[in-house]
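Undergrad: quick one, fold the following:
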Amino acid sequence: MKTKLYTFLFFLNICFLTAQEQKMTAAEITAFKEDVNVVSKKIKTLSTDFVQYKHLDFLSKDIETSGKMYFKEPSMLQWQYKKPYNYSIVFKNGKILINDEGKKSAVDIGNSKIFGRINKLIIGSVSGNMFDDKEFTISYFKSKGQNIAKFLPKDADLKKYIKQIELTFDKEESTVIQVKLLESSEDYTRIVLKNKVINAKIDDSVFTN
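TA: Coordinates of the predicted model:
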């Protein structure tokens, strides 16, 4: 009896997962990529609230932080954490500028291939313009109201830091609403974007850290 029950529950679980997330067909992939590329080309600026969940395998509860993100083409980006602490990181002119509650530091992206690729990934994930088959093995899925692209890095060095990137797109707007970075361990970071404002004026001074 128990064996039948476990089999039934397993079947229900598989059906649930299948209903939640299904692979796209070739035609759906083409249409999805075209929609995202059309929208991303129109994005000149973007500001959005975000909530970040850091999952660490040894903790029973995810670490939650929140703040504001600003993007201005071609490559200026700021993540401004406001809760539970003040911390900001700016990607600008080939540098990463960090302000940790008044303690400032800078990293030259040009001196690190890994930093350069991570910078490209972050900016691409915000704008949605990152369907690079040379850099990643990409698989595409759909669920109710959402499309999901999963990126597996091909570069061995990058794999040491990032095992997989998952971008979730709103099906109607074709913009990113969630970014999930899976590390080489079982840890991951999940960032939920909300209250997006596209193409409003953002002054360059916003990216002064």
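Undergrad: lowest confidence element among the helices and strands of the chain?
TA: The weakest-scoring helix or strand in the chain, judged by mean pLDDT, DSSP states H and E, is helix 2-20 (a mean of 42).
Undergrad: list of residues touching the helix or strand that that one is followed by?
TA: With elements assigned by DSSP states H and E, the helix or strand that comes after helix 2-20 is strand 22-23. Strand 22-23 is contacted from outside by Ser139, Tyr140, Phe141, Lys142, Ser143, using Cβ atoms under 8 Å, 6 or more residues apart in numbering. Just so you know, the C-beta spots here come from the backbone N, C-alpha and C atoms, and that holds for glycine as well.
Undergrad: quick one, which of these are buried?
TA: Buried subset of the contacts of strand 22-23 (neighbour count, 16 or more other Cβ atoms under 10 Å): Tyr140, Phe141, Lys142.
Undergrad: redo those residues as JSON lines? Include secondary structure and pLDDT.
TA: Listed next are those as JSON lines, based on DSSP: H, G, I helix; E, B strand; the rest coil; pLDDT from 0 to 100:
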{"residue": "Tyr140", "secondary structure": "strand", "pLDDT": "96"}
{"residue": "Phe141", "secondary structure": "strand", "pLDDT": "97"}
{"residue": "Lys142", "secondary structure": "strand", "pLDDT": "94"}
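Undergrad: just these now: which is nearest Tyr53?
TA: Phe141 (20.5 Å; Cβ to Cβ).
Undergrad: in this structure that closest one contacts Glu166, no?
TA: No - if you go by Cβ atoms under 8 Å, Phe141 and Glu166 don't touch, sitting 9.2 Å apart.
Undergrad: any common contacting residues for those two?
TA: With Cβ under 8 Å, 6+ apart as the test, Phe141 and Glu166 both reach Ile148, Ala149, Lys150.
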